[in-house]
Structure formats: structure tokens, C-alpha cells
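Participant: what follows is a predicted structure for the sequence shown.
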Amino acid sequence: MARITQFLWFEKDMDAAVALYTALIPGSKLEWTSALPVESPAGPPGSVRLAGFTLGDQRYQAMEAGPLDPFNHAFSIMVECADQNEIDRLWEALGSGGRVEQCGWLKDRWGVSWQIVPRRLGELMSDPDPAVRMRVSAAMLTMVKLDIAALEAAARADG
């Protein structure tokens with residue numbers, strides 16, 4: 001069976017990004033780093049850096065090789081959080097130097113898009129009552145950082 005690994009191309013500061021990501025997400029670690037030992041279109045030997053790491057249960061590789069295409073919303077890393085404290089912690093750390101966006105999205109300082117969402121949101125959005133799903137969706141669309149208590153209150157509201 002094929003192995004799937006997400007790949008991130010950083011213009012610069014790959015080491016700092018990987019260090020932050022692996023420090024923030026429980027069960028994560030840097031597996032290896034290396035430098036391309038030959039000249040490449042991106043520069044002389046050693047100028048292209050590579051890293052392998054895990055974030056939680058997902059494998060990633062990263063490369064620092066100068067500018068190519070900027071990160072965009074077409075690829076994001078979604079972190080399902082167990083509680084509001086975890087949401088708040090990740091939101092603060094990943095949003096620092098970046099840009100926060102609607103509905104639990106943010107871009108970190110390197111431009112990588114993240115979705116910081118409560119695990120509870122999936123449960124509420126799969127409620128068999130369409131009115132609950134509608135209220136939860138409407139509440140979520142008014143939020144920047146997602147608030148579990150407010151989502152649960154919307155689910156309980158009697159419309």
C-alpha cells in the first residue's frame with residue numbers, strides 16, 4: 001500500500017516552523033533533517049533544507065528552498081481540539097505573527113492555513129435535527145475563534 005505524506009514548501013524559516021508545530025501538537029516530533037548536498041535551481045549545495053516530522057498521527061515533509069508558490073487555503077491543517085483550553089492555546093501560538101480569519105481559520109506567520117476546531121463541532125453538525133445543525137452553523141459563521149460553549153448554546157436554543 002502507498003504511504004501518504006503531506007509536503008510543505010517553505011520559502012524560509014522551515015526549522016522554526018517545524019519546531020513550533022511539533023512543540024504545539026501532542027504526539028508530534030521532528031524525525032530528521034538534512035540539506036541537499038548538490039547544487040539545485042534553488043541554490044548551491046546545502047542551501048535547500050529538508051525535514052521529516054509528524055504532527056499527531058500525520059506524516060509531513062518540509063523543504064526550505066526559496067520562493068515558489070505561496071501557501072493558500074486550498075491546503076490547510078485541521079486540528080480537532082478536545083476542549084476550549086486547547087483551542088485557545090493553539091489559536092494564540094499559531095496566530096501570533098499571522099492572521100486570524102473567520103470560522104476557526106488562521107494563517108500562521110509562514111502563511112500555512114490552519115483550522116482550529118472543537119471536536120464537539122462535528123458532533124453538533126451531525127445532530128439528526130436539521131434545526132440544530134442550522135443554529136450551530138449560523139453561530140459558527142459569526143465567530144472568528146470557535147467557542148464551544150456558544151456553539152452548544154446555539155444547539156440548545158429553541159430557535
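Facilitator: Okay, I see it.
Participant: what's the nearest residue to V117 if we skip its chain neighbours?
Facilitator: Closest residue to V117 apart from its sequence neighbours, by CB to CB, 6 or more residues apart in numbering: G104 at 4.9 Å. (Glycine included, C-beta is placed from N, CA and C.)
Participant: give me the distance between the one you found and L121.
Facilitator: 8 Å (CB to CB, to the nearest Å).
Participant: what of E11?
Facilitator: 32 Å.
Participant: please say which of these two ends up with more neighbours.
Facilitator: Just comparing E11 and L121: by other CB atoms under 10 Å the higher neighbour count belongs to L121, 20 against 15.
Participant: give me the neighbour count for A150.
Facilitator: Neighbours of A150 (other CB under 10 Å): 14.
Participant: over to G97?
Facilitator: Other residues close to G97 by other CB under 10 Å number 10.
Participant: quick one, helices of the chain?
Facilitator: Applying DSSP state H to the chain gives helices spanning 14-24, 84-95, 119-125, 130-140, 148-156.
Participant: who touches both of G104 and L121?
Facilitator: With contacts defined as CB atoms under 8 Å, 6 or more residues apart in numbering, the residues adjacent to both G104 and L121 are 140, 146.
Participant: wouldn't E11 be in contact with G66 here?
Facilitator: Yes: judged on CB atoms under 8 Å, E11 makes contact with G66 at a distance of 5.9 Å.
Participant: and of the helices of the chain, who's closest to P37?
Facilitator: P37 lies closest, by CB to CB, to one member of the helices of the chain: helix 14-24, at 17.1 Å.
Participant: distance from stretch 3-18 to the middle of the chain?
Facilitator: Remark: stretch 3-18 is offset 12 Å from the chain centroid, using CA atoms, centre = their mean, to the nearest Å.
Participant: could you do stretch 118-133 as well?
Facilitator: Taking CA atoms, centre = their mean, one finds stretch 118-133 lying 22 Å from the centre of the chain it belongs to.
Participant: cool, stretch 139-150 as well?
Facilitator: Centroid separation for stretch 139-150 versus its chain: 18 Å, with CA atoms, centre = their mean.
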